[in-house]
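K.L.:
Dropping the sequence and predicted coords here.
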Amino acid sequence: MYVKHLQERVKTFEEQATKQTVESVVLVKKSKLSVEDDGSSEENNSSELPEIEAKVCNNHILLRIHCQKNKGILSKILTEVEKLQLSIVNANATSFGSFALDITIYAEMEKESNFTLKEVVRALRCALLPAA
């Protein structure tokens, strides 16, 4: 009897899992690296960054941003994420060489958030562009 009950619960969970939809938007511009003879790397075309990837499942959003390493860039990105009515659950920033950052942000959309994934990516990209 207990096994049958557990099997029914498993079936219910599996049905719920298949109903979840995942949407993703990717804005990618390939950055180019060159390796010098002395072993150091430098970026040839810094205007091709940032690379932004966003995925959403229900009210959860996963952002991956590869951008130029500039002073205050992480706080600028986190501020922009909060402006988009996203509650940051976890954020991780890793330096990629001396010129770039790889940032991963896991957030939850607030109930009153009505931004599309494309709008989120567009807003982040605008925040990352150098001030003219």
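P.N.:
Perfect, I can see it now.
K.L.:
pLDDT wise, what is the nearest residue to residue 66 once chain neighbours are set aside at?
P.N.:
Spatial nearest neighbour of residue 66, chain neighbours left out: residue 51 (4.2 Å); criterion: CB to CB, 6 or more residues apart in numbering. From N, CA and C alone the C-beta is placed, and that goes for glycine too. Note for residue 51: predicted pLDDT of 90.
K.L.:
same question for the top helix by length along the chain, mean pLDDT?
P.N.:
The longest helix of the chain (DSSP state H) is helix 2-19. Average pLDDT, helix 2-19: 77.
K.L.:
Stretch 87-98 too?
P.N.:
The average of the pLDDT scores along stretch 87-98 is 90.
K.L.:
Put the alpha carbons of that stretch into PDB.
P.N.:
Extracted C-alpha coordinates of stretch 87-98, given in PDB (Å, rounded to 0.1, in the frame of the first residue of the first chain):
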ATOM      1  CA  SER A  87      15.500  39.200  -6.300                       C
ATOM      2  CA  ILE A  88      19.100  37.900  -6.400                       C
ATOM      3  CA  VAL A  89      19.500  34.500  -4.800                       C
ATOM      4  CA  ASN A  90      23.100  33.900  -5.700                       C
ATOM      5  CA  ALA A  91      25.800  35.700  -7.600                       C
ATOM      6  CA  ASN A  92      29.300  34.500  -8.600                       C
ATOM      7  CA  ALA A  93      32.000  36.500 -10.400                       C
ATOM      8  CA  THR A  94      35.200  34.900 -11.700                       C
ATOM      9  CA  SER A  95      38.000  36.800 -13.300                       C
ATOM     10  CA  PHE A  96      39.000  35.500 -16.700                       C
ATOM     11  CA  GLY A  97      42.500  36.700 -17.300                       C
ATOM     12  CA  SER A  98      43.300  40.300 -16.500                       C
END
